[in-house]
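Visitor: need a 3D model of the sequence below.
(one chain, ligands or ions: 3)
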Amino acid sequence: MQVLKFGGTSVGSPERIKEVARLIDDGKPKIVVLSAMSGTTNALVEISNYLYKKNFDAASEKISALEQKYFTVVDELLSTEKYKALGNDLIKGHFGYIRSFVRDMFTMYEEKEILAQGEQISTALMNYYLQESGRHSDLISALNFMRIDKNGEPDDYYIRENINRELRQLGDYYLVITQGFICRNTMGKVDNLQRGGSDYSASIIGAAVDAEEIQIWTDIDGMHTNDPRVVDHTHAIAELSFDEAAELAYFGAKILHPTCVVPAKLANIPVRIKNTLEPSAAGTIIKKDVPKVPIRAIAAKDGITAIKIKSDRMLMAHGFLRKVFEIFETYETSIDMVTTSEVGVSVTIDNTKNLEPILSELRKYGTVEAEGDYVIVCVVGDLSAQVNGIAAVVLTAMKNIPIRMISYGGSNYNISMLVKSEYKKQALQDLSKNIFKEF
Ligand code: ADP
Ligand code: ASP
Ligand code: MG
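Guide: Ligands and ions are numbered 1, 2, ... in the order given. This is a model prediction of the structure:
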(Lines give C-alpha, C1' and ligand atoms only; values in the text may rest on other atoms or scores of the structure.)
(Ligands and ions follow the chains in the order given, each with its own letter.)
Protein backbone atom coordinates (compact mmCIF):
# COMPACT_ATOMS: atom_id res chain seq x y z
CA MET A 1 0.00 0.00 0.00
CA GLN A 2 1.05 3.57 -0.64
CA VAL A 3 0.41 6.75 1.30
CA LEU A 4 0.05 9.87 -0.87
CA LYS A 5 -0.03 13.37 0.56
CA PHE A 6 -1.30 16.33 -1.47
CA GLY A 7 -0.42 19.83 -0.25
CA GLY A 8 -2.46 23.02 -0.27
CA THR A 9 -1.74 24.08 -3.84
CA SER A 10 -2.42 20.54 -5.09
CA VAL A 11 -6.00 20.80 -3.80
CA GLY A 12 -6.16 24.60 -4.12
CA SER A 13 -9.03 24.88 -6.62
CA PRO A 14 -11.90 22.73 -7.96
CA GLU A 15 -9.77 21.94 -11.04
CA ARG A 16 -6.88 20.80 -8.91
CA ILE A 17 -9.13 18.62 -6.72
CA LYS A 18 -10.46 16.97 -9.89
CA GLU A 19 -6.91 16.43 -11.14
CA VAL A 20 -5.89 14.80 -7.84
CA ALA A 21 -8.97 12.54 -8.06
CA ARG A 22 -7.75 11.38 -11.48
CA LEU A 23 -4.21 10.80 -10.19
CA ILE A 24 -5.24 8.68 -7.22
CA ASP A 25 -7.73 6.55 -9.16
CA ASP A 26 -5.17 4.14 -10.62
CA GLY A 27 -6.53 0.85 -9.32
CA LYS A 28 -4.04 0.54 -6.46
CA PRO A 29 -5.23 0.71 -2.85
CA LYS A 30 -3.94 3.77 -1.06
CA ILE A 31 -4.34 6.21 1.79
CA VAL A 32 -4.59 9.81 0.62
CA VAL A 33 -3.64 12.53 3.10
CA LEU A 34 -4.82 16.04 2.26
CA SER A 35 -3.89 19.53 3.41
CA ALA A 36 -6.37 22.36 3.57
CA MET A 37 -6.92 24.23 0.28
CA SER A 38 -4.11 26.78 -0.12
CA GLY A 39 -4.70 30.01 1.78
CA THR A 40 -7.23 28.44 4.14
CA THR A 41 -4.97 27.79 7.15
CA ASN A 42 -3.55 31.31 6.86
CA ALA A 43 -7.10 32.70 6.76
CA LEU A 44 -8.04 30.62 9.82
CA VAL A 45 -4.96 31.92 11.66
CA GLU A 46 -6.07 35.46 10.80
CA ILE A 47 -9.59 34.75 12.08
CA SER A 48 -8.14 33.35 15.31
CA ASN A 49 -5.97 36.43 15.75
CA TYR A 50 -9.02 38.69 15.43
CA LEU A 51 -10.85 36.54 17.97
CA TYR A 52 -7.93 36.74 20.42
CA LYS A 53 -8.04 40.50 20.09
CA LYS A 54 -11.84 40.44 20.45
CA ASN A 55 -12.19 42.21 17.13
CA PHE A 56 -15.43 40.37 16.39
CA ASP A 57 -16.44 42.50 13.40
CA ALA A 58 -13.20 41.78 11.55
CA ALA A 59 -13.42 38.09 12.49
CA SER A 60 -17.00 37.82 11.24
CA GLU A 61 -16.15 39.57 8.01
CA LYS A 62 -13.23 37.22 7.36
CA ILE A 63 -15.32 34.15 8.23
CA SER A 64 -18.04 35.19 5.77
CA ALA A 65 -15.50 35.87 3.01
CA LEU A 66 -13.92 32.43 3.45
CA GLU A 67 -17.32 30.75 3.60
CA GLN A 68 -18.35 32.47 0.38
CA LYS A 69 -15.18 31.19 -1.29
CA TYR A 70 -16.12 27.65 -0.31
CA PHE A 71 -19.70 27.98 -1.65
CA THR A 72 -18.11 28.84 -5.00
CA VAL A 73 -15.77 25.82 -4.72
CA VAL A 74 -18.76 23.53 -4.04
CA ASP A 75 -20.62 24.98 -7.00
CA GLU A 76 -17.71 24.41 -9.39
CA LEU A 77 -16.58 21.07 -8.00
CA LEU A 78 -19.85 19.18 -7.67
CA SER A 79 -22.39 18.91 -10.46
CA THR A 80 -25.52 17.09 -9.26
CA GLU A 81 -28.22 18.67 -7.08
CA LYS A 82 -27.74 15.97 -4.47
CA TYR A 83 -24.01 16.54 -4.05
CA LYS A 84 -24.26 20.33 -4.32
CA ALA A 85 -26.72 20.20 -1.41
CA LEU A 86 -24.40 17.92 0.58
CA GLY A 87 -21.45 20.23 -0.15
CA ASN A 88 -23.33 23.37 0.86
CA ASP A 89 -24.54 21.74 4.08
CA LEU A 90 -20.96 20.72 4.82
CA ILE A 91 -19.74 24.31 4.42
CA LYS A 92 -22.61 25.72 6.48
CA GLY A 93 -21.85 23.21 9.23
CA HIS A 94 -18.15 24.04 9.44
CA PHE A 95 -18.59 27.78 9.20
CA GLY A 96 -21.47 27.72 11.71
CA TYR A 97 -19.01 26.01 14.05
CA ILE A 98 -16.29 28.61 13.37
CA ARG A 99 -18.84 31.38 13.99
CA SER A 100 -19.72 29.86 17.35
CA PHE A 101 -16.29 31.07 18.55
CA VAL A 102 -17.21 34.71 17.91
CA ARG A 103 -17.68 35.39 21.61
CA ASP A 104 -15.61 36.40 24.62
CA MET A 105 -13.82 33.23 25.54
CA PHE A 106 -10.93 32.43 23.17
CA THR A 107 -7.91 30.38 24.17
CA MET A 108 -5.29 28.21 22.52
CA TYR A 109 -7.77 25.30 22.56
CA GLU A 110 -10.34 27.16 20.50
CA GLU A 111 -7.64 28.25 18.08
CA LYS A 112 -6.63 24.64 17.43
CA GLU A 113 -10.28 23.76 16.76
CA ILE A 114 -10.52 26.56 14.23
CA LEU A 115 -7.27 25.62 12.46
CA ALA A 116 -8.48 22.03 12.14
CA GLN A 117 -11.46 23.04 9.95
CA GLY A 118 -9.44 23.49 6.74
CA GLU A 119 -8.31 19.85 6.43
CA GLN A 120 -11.73 18.58 7.48
CA ILE A 121 -13.38 20.56 4.70
CA SER A 122 -10.88 19.65 1.95
CA THR A 123 -11.08 15.92 2.70
CA ALA A 124 -14.88 15.91 2.87
CA LEU A 125 -15.11 17.79 -0.45
CA MET A 126 -12.66 15.38 -2.10
CA ASN A 127 -14.67 12.44 -0.80
CA TYR A 128 -17.93 13.90 -2.17
CA TYR A 129 -16.31 14.52 -5.54
CA LEU A 130 -14.93 10.97 -5.73
CA GLN A 131 -18.29 9.50 -4.82
CA GLU A 132 -20.21 11.73 -7.19
CA SER A 133 -17.95 10.64 -10.00
CA GLY A 134 -18.56 6.96 -9.23
CA ARG A 135 -15.33 6.09 -7.40
CA HIS A 136 -15.46 4.08 -4.25
CA SER A 137 -13.76 6.05 -1.49
CA ASP A 138 -13.87 6.16 2.28
CA LEU A 139 -13.17 9.10 4.58
CA ILE A 140 -11.61 8.44 7.97
CA SER A 141 -11.02 11.16 10.52
CA ALA A 142 -7.42 11.68 11.59
CA LEU A 143 -8.88 12.70 14.96
CA ASN A 144 -9.74 9.01 15.50
CA PHE A 145 -6.13 7.83 15.27
CA MET A 146 -3.55 10.64 15.15
CA ARG A 147 -2.36 11.55 18.64
CA ILE A 148 0.59 13.38 20.16
CA ASP A 149 2.05 12.66 23.59
CA LYS A 150 2.83 15.16 26.34
CA ASN A 151 6.04 16.17 24.54
CA GLY A 152 4.19 16.87 21.30
CA GLU A 153 5.66 13.74 19.69
CA PRO A 154 3.52 11.27 17.76
CA ASP A 155 2.24 8.48 19.99
CA ASP A 156 3.34 5.69 17.65
CA TYR A 157 1.73 2.77 19.44
CA TYR A 158 -1.65 4.49 19.74
CA ILE A 159 -1.56 5.63 16.12
CA ARG A 160 -0.66 2.20 14.78
CA GLU A 161 -3.39 0.46 16.80
CA ASN A 162 -6.07 2.97 15.92
CA ILE A 163 -5.44 3.56 12.23
CA ASN A 164 -5.28 -0.17 11.59
CA ARG A 165 -8.53 -0.62 13.51
CA GLU A 166 -10.16 2.09 11.39
CA LEU A 167 -8.92 0.40 8.20
CA ARG A 168 -10.16 -3.04 9.32
CA GLN A 169 -13.59 -1.56 9.95
CA LEU A 170 -13.73 -0.44 6.32
CA GLY A 171 -13.24 -4.02 5.18
CA ASP A 172 -12.38 -4.06 1.52
CA TYR A 173 -11.09 -0.53 1.04
CA TYR A 174 -9.56 1.04 -2.03
CA LEU A 175 -9.24 4.79 -1.69
CA VAL A 176 -9.03 6.04 1.87
CA ILE A 177 -9.02 9.78 2.41
CA THR A 178 -7.84 11.41 5.63
CA GLN A 179 -6.61 14.74 6.97
CA GLY A 180 -3.02 15.81 7.36
CA PHE A 181 -1.92 18.25 10.08
CA ILE A 182 -4.66 17.59 12.66
CA CYS A 183 -4.47 15.34 15.69
CA ARG A 184 -5.50 15.07 19.30
CA ASN A 185 -3.32 15.62 22.34
CA THR A 186 -3.10 13.62 25.57
CA MET A 187 -6.19 15.38 26.92
CA GLY A 188 -8.16 14.31 23.86
CA LYS A 189 -8.36 17.91 22.66
CA VAL A 190 -7.93 18.83 18.99
CA ASP A 191 -4.34 19.82 18.27
CA ASN A 192 -2.02 19.89 15.26
CA LEU A 193 1.46 18.90 14.08
CA GLN A 194 2.53 22.54 13.50
CA ARG A 195 2.37 24.50 10.26
CA GLY A 196 3.24 22.40 7.23
CA GLY A 197 2.49 19.30 9.31
CA SER A 198 0.58 17.34 6.67
CA ASP A 199 3.88 15.96 5.36
CA TYR A 200 4.58 14.70 8.86
CA SER A 201 1.10 13.11 9.04
CA ALA A 202 1.78 11.19 5.82
CA SER A 203 5.09 9.88 7.08
CA ILE A 204 3.63 8.88 10.46
CA ILE A 205 0.72 7.12 8.71
CA GLY A 206 3.08 5.41 6.25
CA ALA A 207 5.08 3.98 9.14
CA ALA A 208 1.92 2.95 11.03
CA VAL A 209 0.50 0.95 8.10
CA ASP A 210 3.88 -0.40 6.88
CA ALA A 211 3.43 1.34 3.52
CA GLU A 212 5.73 0.42 0.67
CA GLU A 213 6.16 4.09 -0.28
CA ILE A 214 5.17 7.53 0.99
CA GLN A 215 4.59 10.15 -1.68
CA ILE A 216 4.57 13.89 -1.03
CA TRP A 217 2.78 15.60 -3.93
CA THR A 218 3.40 19.32 -4.08
CA ASP A 219 3.78 22.25 -6.48
CA ILE A 220 7.40 21.69 -7.53
CA ASP A 221 9.22 18.79 -9.18
CA GLY A 222 11.15 17.60 -6.11
CA MET A 223 13.71 18.76 -3.57
CA HIS A 224 15.84 21.41 -5.29
CA THR A 225 19.55 22.14 -4.85
CA ASN A 226 18.68 25.44 -3.15
CA ASP A 227 15.62 27.47 -2.16
CA PRO A 228 13.99 28.27 -5.52
CA ARG A 229 12.23 31.27 -3.98
CA VAL A 230 15.59 32.92 -3.33
CA VAL A 231 18.04 31.52 -5.87
CA ASP A 232 17.75 31.19 -9.67
CA HIS A 233 18.78 28.09 -11.62
CA THR A 234 18.10 25.52 -8.94
CA HIS A 235 17.14 22.05 -10.08
CA ALA A 236 15.46 18.95 -8.67
CA ILE A 237 17.69 16.36 -7.01
CA ALA A 238 17.00 12.80 -8.20
CA GLU A 239 18.06 10.96 -5.04
CA LEU A 240 18.66 11.87 -1.41
CA SER A 241 19.46 9.81 1.65
CA PHE A 242 17.12 9.95 4.64
CA ASP A 243 19.84 11.76 6.62
CA GLU A 244 20.42 14.38 3.95
CA ALA A 245 16.69 14.99 3.53
CA ALA A 246 16.25 15.23 7.30
CA GLU A 247 19.00 17.86 7.54
CA LEU A 248 17.56 19.89 4.65
CA ALA A 249 14.03 19.78 6.04
CA TYR A 250 15.16 20.65 9.56
CA PHE A 251 17.36 23.49 8.29
CA GLY A 252 14.65 25.22 6.34
CA ALA A 253 13.83 23.50 3.01
CA LYS A 254 10.14 24.36 3.21
CA ILE A 255 9.13 21.60 0.81
CA LEU A 256 9.21 19.13 3.73
CA HIS A 257 8.02 19.64 7.30
CA PRO A 258 11.12 19.71 9.58
CA THR A 259 10.56 16.26 11.09
CA CYS A 260 8.67 14.64 8.20
CA VAL A 261 11.49 12.28 7.24
CA VAL A 262 11.99 10.81 10.71
CA PRO A 263 9.15 8.21 10.83
CA ALA A 264 9.91 7.09 7.26
CA LYS A 265 13.59 6.75 8.07
CA LEU A 266 12.95 4.70 11.21
CA ALA A 267 10.62 2.38 9.27
CA ASN A 268 12.90 2.43 6.20
CA ILE A 269 10.07 3.45 3.85
CA PRO A 270 11.13 5.44 0.75
CA VAL A 271 9.65 8.93 0.40
CA ARG A 272 9.03 10.21 -3.11
CA ILE A 273 8.41 13.91 -3.79
CA LYS A 274 6.25 14.49 -6.87
CA ASN A 275 4.82 17.50 -8.68
CA THR A 276 1.02 17.55 -8.99
CA LEU A 277 1.34 20.15 -11.73
CA GLU A 278 3.67 17.87 -13.71
CA PRO A 279 2.97 14.28 -12.62
CA SER A 280 5.27 12.74 -15.23
CA ALA A 281 8.39 14.50 -13.83
CA ALA A 282 10.64 12.04 -11.99
CA GLY A 283 10.69 13.98 -8.71
CA THR A 284 13.00 13.14 -5.82
CA ILE A 285 13.33 9.78 -4.11
CA ILE A 286 14.51 9.75 -0.50
CA LYS A 287 15.79 6.39 0.69
CA LYS A 288 18.45 4.68 2.75
CA ASP A 289 21.23 3.95 0.30
CA VAL A 290 22.13 6.48 -2.35
CA PRO A 291 25.48 7.13 -4.02
CA LYS A 292 27.54 9.50 -1.90
CA VAL A 293 28.15 13.02 -3.16
CA PRO A 294 30.06 15.64 -1.18
CA ILE A 295 27.46 18.41 -1.58
CA ARG A 296 23.85 17.76 -2.39
CA ALA A 297 21.95 20.94 -1.54
CA ILE A 298 21.75 24.17 0.44
CA ALA A 299 19.02 25.45 2.75
CA ALA A 300 18.45 28.26 5.22
CA LYS A 301 16.51 28.40 8.46
CA ASP A 302 15.11 31.81 9.41
CA GLY A 303 14.31 33.38 12.76
CA ILE A 304 17.39 32.33 14.71
CA THR A 305 18.64 33.92 17.94
CA ALA A 306 22.28 33.57 19.01
CA ILE A 307 23.20 33.43 22.70
CA LYS A 308 26.77 33.80 23.93
CA ILE A 309 27.81 32.88 27.48
CA LYS A 310 31.27 34.04 28.53
CA SER A 311 32.87 32.78 31.68
CA ASP A 312 36.52 32.93 32.72
CA ARG A 313 35.92 30.83 35.78
CA MET A 314 33.62 28.09 34.71
CA LEU A 315 34.02 27.06 31.14
CA MET A 316 36.75 24.53 31.46
CA ALA A 317 35.37 23.20 34.71
CA HIS A 318 33.68 19.90 34.05
CA GLY A 319 29.92 20.03 34.25
CA PHE A 320 29.66 23.61 32.92
CA LEU A 321 28.10 22.67 29.60
CA ARG A 322 25.68 20.31 31.30
CA LYS A 323 24.45 23.16 33.51
CA VAL A 324 24.02 25.41 30.48
CA PHE A 325 22.14 22.76 28.49
CA GLU A 326 19.94 21.90 31.46
CA ILE A 327 18.61 25.45 31.47
CA PHE A 328 17.46 25.06 27.86
CA GLU A 329 15.96 21.68 28.69
CA THR A 330 14.03 23.11 31.65
CA TYR A 331 12.48 25.69 29.35
CA GLU A 332 11.78 23.13 26.58
CA THR A 333 13.90 25.06 24.10
CA SER A 334 15.97 23.10 21.64
CA ILE A 335 19.40 24.23 20.55
CA ASP A 336 20.36 24.10 16.86
CA MET A 337 24.05 25.07 16.79
CA VAL A 338 26.76 25.05 19.44
CA THR A 339 30.32 26.39 19.28
CA THR A 340 32.78 26.58 22.13
CA SER A 341 36.07 28.28 22.92
CA GLU A 342 38.30 28.51 25.95
CA VAL A 343 36.26 31.32 27.48
CA GLY A 344 32.82 31.07 26.02
CA VAL A 345 30.09 29.06 24.43
CA SER A 346 27.62 30.20 21.77
CA VAL A 347 24.35 28.47 20.98
CA THR A 348 21.42 29.23 18.70
CA ILE A 349 17.71 28.72 19.25
CA ASP A 350 14.64 29.39 17.12
CA ASN A 351 12.01 29.31 19.82
CA THR A 352 12.27 32.50 21.87
CA LYS A 353 9.14 31.96 23.96
CA ASN A 354 11.20 31.48 27.13
CA LEU A 355 14.18 33.62 26.17
CA GLU A 356 13.99 35.96 29.18
CA PRO A 357 13.97 33.27 31.92
CA ILE A 358 16.68 31.36 30.01
CA LEU A 359 18.91 34.44 29.91
CA SER A 360 18.37 35.22 33.55
CA GLU A 361 19.32 31.65 34.59
CA LEU A 362 22.36 31.70 32.28
CA ARG A 363 23.60 34.92 33.93
CA LYS A 364 24.42 32.86 37.03
CA TYR A 365 27.27 31.35 35.04
CA GLY A 366 28.80 34.30 33.24
CA THR A 367 28.19 37.28 30.98
CA VAL A 368 25.36 36.62 28.58
CA GLU A 369 24.51 38.28 25.27
CA ALA A 370 21.56 37.45 23.02
CA GLU A 371 20.94 38.74 19.51
CA GLY A 372 18.13 37.88 17.13
CA ASP A 373 17.61 38.22 13.38
CA TYR A 374 20.02 35.53 12.27
CA VAL A 375 19.65 32.67 9.77
CA ILE A 376 21.43 29.35 9.70
CA VAL A 377 22.74 28.62 6.23
CA CYS A 378 23.27 24.93 5.84
CA VAL A 379 25.22 22.96 3.23
CA VAL A 380 24.15 19.32 3.07
CA GLY A 381 25.84 16.34 1.49
CA ASP A 382 27.84 13.33 2.48
CA LEU A 383 30.92 14.86 4.04
CA SER A 384 32.34 11.41 4.62
CA ALA A 385 32.79 11.08 0.85
CA GLN A 386 36.52 10.81 0.27
CA VAL A 387 37.00 14.29 -1.16
CA ASN A 388 39.36 16.89 0.27
CA GLY A 389 38.67 20.59 0.40
CA ILE A 390 34.90 20.62 0.88
CA ALA A 391 35.12 23.06 3.80
CA ALA A 392 37.59 25.24 1.88
CA VAL A 393 35.19 25.54 -1.08
CA VAL A 394 32.25 26.34 1.21
CA LEU A 395 34.14 29.00 3.13
CA THR A 396 35.62 30.51 -0.03
CA ALA A 397 32.08 30.82 -1.41
CA MET A 398 31.20 32.75 1.78
CA LYS A 399 34.20 35.07 1.56
CA ASN A 400 32.10 38.24 1.26
CA ILE A 401 29.77 37.45 4.12
CA PRO A 402 30.41 37.95 7.86
CA ILE A 403 29.92 34.59 9.60
CA ARG A 404 28.98 34.60 13.29
CA MET A 405 29.26 30.83 13.95
CA ILE A 406 30.35 27.73 12.02
CA SER A 407 29.45 24.15 12.82
CA TYR A 408 31.22 21.27 11.07
CA GLY A 409 31.36 17.63 12.04
CA GLY A 410 28.20 17.51 14.15
CA SER A 411 27.01 14.94 11.67
CA ASN A 412 28.48 13.61 8.46
CA TYR A 413 25.89 15.49 6.50
CA ASN A 414 26.00 19.17 7.23
CA ILE A 415 28.07 22.32 7.51
CA SER A 416 26.08 25.11 9.15
CA MET A 417 26.92 28.78 9.27
CA LEU A 418 25.16 31.53 11.19
CA VAL A 419 24.80 34.85 9.39
CA LYS A 420 22.67 37.95 9.84
CA SER A 421 19.39 37.60 7.95
CA GLU A 422 20.25 40.53 5.68
CA TYR A 423 22.98 38.28 4.18
CA LYS A 424 20.74 35.24 3.61
CA LYS A 425 20.06 35.86 -0.05
CA GLN A 426 23.66 36.62 -0.90
CA ALA A 427 24.91 33.61 1.07
CA LEU A 428 22.52 31.20 -0.69
CA GLN A 429 23.34 32.67 -4.09
CA ASP A 430 27.12 32.71 -3.58
CA LEU A 431 27.13 29.15 -2.26
CA SER A 432 25.04 27.90 -5.18
CA LYS A 433 27.16 29.71 -7.71
CA ASN A 434 30.49 28.52 -6.34
CA ILE A 435 30.10 25.07 -4.92
CA PHE A 436 28.12 23.18 -7.53
CA LYS A 437 30.74 23.93 -10.16
CA GLU A 438 33.36 22.35 -7.86
CA PHE A 439 31.46 19.24 -6.78
P1 ADP B 1 2.65 22.12 0.04
O2 ADP B 1 1.56 23.11 0.17
O3 ADP B 1 2.46 21.16 -1.11
O4 ADP B 1 2.99 21.42 1.32
P5 ADP B 1 4.89 23.90 0.40
O6 ADP B 1 4.61 25.31 -0.01
O7 ADP B 1 4.84 23.60 1.86
O8 ADP B 1 3.91 22.95 -0.42
O9 ADP B 1 6.32 23.43 -0.14
C10 ADP B 1 6.65 23.58 -1.51
C11 ADP B 1 7.45 24.86 -1.70
O12 ADP B 1 8.68 24.76 -0.98
C13 ADP B 1 7.91 25.07 -3.11
O14 ADP B 1 6.91 25.71 -3.88
C15 ADP B 1 9.17 25.95 -2.94
O16 ADP B 1 8.89 27.30 -3.10
C17 ADP B 1 9.56 25.76 -1.48
N18 ADP B 1 10.93 25.30 -1.30
C19 ADP B 1 11.82 25.82 -0.41
N20 ADP B 1 13.01 25.18 -0.49
C21 ADP B 1 12.89 24.22 -1.45
C22 ADP B 1 13.77 23.26 -2.00
N23 ADP B 1 15.02 23.11 -1.58
N24 ADP B 1 13.29 22.47 -3.00
C25 ADP B 1 12.04 22.59 -3.44
N26 ADP B 1 11.15 23.48 -2.95
C27 ADP B 1 11.56 24.30 -1.97
N1 ASP C 1 -2.70 23.30 6.31
C2 ASP C 1 -1.57 23.27 7.19
C3 ASP C 1 -0.69 24.49 6.95
O4 ASP C 1 -0.98 25.28 6.07
C5 ASP C 1 -0.76 22.00 7.10
C6 ASP C 1 -0.12 21.73 5.75
O7 ASP C 1 -0.54 22.27 4.73
O8 ASP C 1 0.80 20.93 5.72
O9 ASP C 1 0.24 24.69 7.66
MG1 MG D 1 4.06 22.05 3.01
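Visitor: where does the residue most central in space within the chain land in three-state SS?
Guide: Closest to where the C-alpha atoms of the chain average out (C-alpha atoms, centre = their mean) is H257, at 2.0 Å. With DSSP: H, G, I helix; E, B strand; the rest coil as the basis, H257 sits in coil.
Visitor: and for the nearest residue to it once chain neighbours are set aside, the neighbour number?
Guide: Of all residues not flanking H257 in the chain, D199 sits nearest, at 4.1 Å (C-beta to C-beta, 6 or more residues apart in numbering). Any C-beta I mention is one placed from the backbone N, CA and C, and that applies to glycine too. For D199, the tally of surrounding residues (other C-beta atoms under 10 Å) stands at 28.
Visitor: do Q194 as well
Guide: Neighbour count of Q194, defined by other C-beta under 10 Å: 12.
Visitor: and the residue of this protein closest to ligand 1?
Guide: Using C-beta to the nearest ligand atom, G7 is the residue of the chain that sits closest to ligand 1, at 1.8 Å.
Visitor: does the residue nearest to H257 really touch K5, like I thought?
Guide: Yes - counting by C-beta atoms under 8 Å, K5 is a contact partner of D199 at 6.1 Å.
Visitor: who touches both of the two?
Guide: Shared contacts of D199 and K5 (C-beta atoms under 8 Å, 6 or more residues apart in numbering): 180, 216.
Visitor: returning to that earlier point: ok, now which ones touch the residue of the chain closest to ligand 1?
Guide: Neighbouring residues of G7 by C-beta under 8 Å, 6+ apart: 35, 38, 198-199, 216-219, 276.
Visitor: how about 7 Å then?
Guide: Contact analysis of G7 by C-beta atoms under 7 Å, 6 or more residues apart in numbering lists 35, 198, 217-219.
Visitor: quick one: the helix with the most length in the chain to chain centroid distance?
Guide: In terms of residue count, the longest helix belonging to the chain (DSSP state H) is helix 56-77. Offset of helix 56-77 from its chain centre (C-alpha atoms, centre = their mean, to the nearest Å): 26 Å.
Visitor: please renumber so the chain begins at 314
Guide: Sure, I'll start numbering at 314, so the last one becomes helix 369-390.
Visitor: anything in that helix near ligand 2?
Guide: No - judged by C-beta under 6 Å from any ligand atom, helix 369-390 stays clear of ligand 2, getting no closer than 13.6 Å.
Visitor: neighbouring contacts of that helix?
Guide: For helix 369-390, contacts defined as C-beta under 7 Å, 6+ apart pick out 327, 330, 356, 359-360, 363-364, 397, 400-401, 404, 408, 411-412, 415, 434, 438, 442.
Visitor: ok, stretch 701-714 next?
Guide: Outside stretch 701-714, the residues touching it (C-beta under 7 Å, 6+ apart) are 607-608, 692, 696, 721, 728, 730, 732, 736, 739-740, 743-744, 747-748, 751.
Visitor: up against ligand 1, what does the stretch 464-613 of the chain have?
Guide: Counting by C-beta under 6 Å from any ligand atom, the stretch 464-613 of the chain sits next to ligand 1 at 509, 531-533, 536-537, 540-542, 566-568, 612.
Visitor: by neighbours, which of those wins?
Guide: Using other C-beta under 10 Å as the neighbour criterion, M536 leads those with 29 neighbours.
Visitor: ignoring the adjacent residues along the chain, who's closest to that one?
Guide: T597 (4.4 Å).
Visitor: what residues are up against that neighbour?
Guide: 535-536, 549-551, 553, 586.
Visitor: in the sheet, who's paired with it?
Guide: I586 (DSSP bridges).
Visitor: distance of it from ligand 2?
Guide: Using C-beta to the nearest ligand atom, to the nearest Å, T597 is found at 18 Å from ligand 2.
Visitor: and V345, what does it touch?
Guide: Contacts of V345 by C-beta under 7 Å, 6+ apart are 317, 319, 337, 488-490.
Visitor: you'd agree it is in a strand?
Guide: Yes - assigned with three-state DSSP, V345 falls within a strand.
Visitor: wait, D540 sits on L741?
Guide: Yes - contact criterion C-beta atoms under 7 Å: D540 and L741 qualify, at 6.2 Å.
Visitor: hang on, the earlier thing: just the buried residues of the contacts of helix 369-390.
Guide: The neighbour-count test (16 or more other C-beta atoms under 10 Å) marks 327, 330, 356, 360, 363-364, 397, 400, 404, 408, 411, 415, 434, 438, 442 as buried among those.
Visitor: could you list the low-pLDDT ranges of the stretch 514-663 of the chain?
Guide: 625-630 (pLDDT under 70).
Visitor: residue numbers of the stretch 464-613 of the chain in contact with ligand 2?
Guide: Near ligand 2, when you scan the stretch 464-613 of the chain using C-beta under 6 Å from any ligand atom, you find 493-494, 508-511.
Visitor: possible to save those residues as JSON lines with secondary structure?
Guide: As requested, these are exported to JSON lines (three-state DSSP):
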{"residue": "G493", "secondary structure": "coil"}
{"residue": "F494", "secondary structure": "coil"}
{"residue": "R508", "secondary structure": "coil"}
{"residue": "G509", "secondary structure": "coil"}
{"residue": "G510", "secondary structure": "coil"}
{"residue": "S511", "secondary structure": "helix"}
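Visitor: what's the farthest-apart pair in those residues?
Guide: Comparing every pair within those by C-beta to C-beta identifies G493 and R508 as the most remote, at 11.5 Å.
Visitor: and those two? Which one has more around it.
Guide: Legend: neighbour count by other C-beta under 10 Å for G493 and R508, higher for G493 (31 against 13).
Visitor: contacting residues around the more buried one?
Guide: 318, 346-348, 432, 510-511, 514-515.
Visitor: check which residues of stretch 588-599 are buried.
Guide: Here stretch 588-599 shows 588-589, 596-599 as buried, counting by 16+ other C-beta under 10 Å.
Visitor: look up the closest residue to the residue in the chain that ligand 3 sits nearest to, ignoring the ones flanking it.
Guide: Of all residues in the chain, G509 sits closest to ligand 3, at 4.1 Å by C-beta to the ion. Excluding the flanking residues, the one nearest G509 by C-beta to C-beta, 6+ apart is H570, at 4.5 Å.
Visitor: wait, that neighbour touches R508, no?
Guide: No - using C-beta under 7 Å, H570 makes no contact with R508, being 8.4 Å away.
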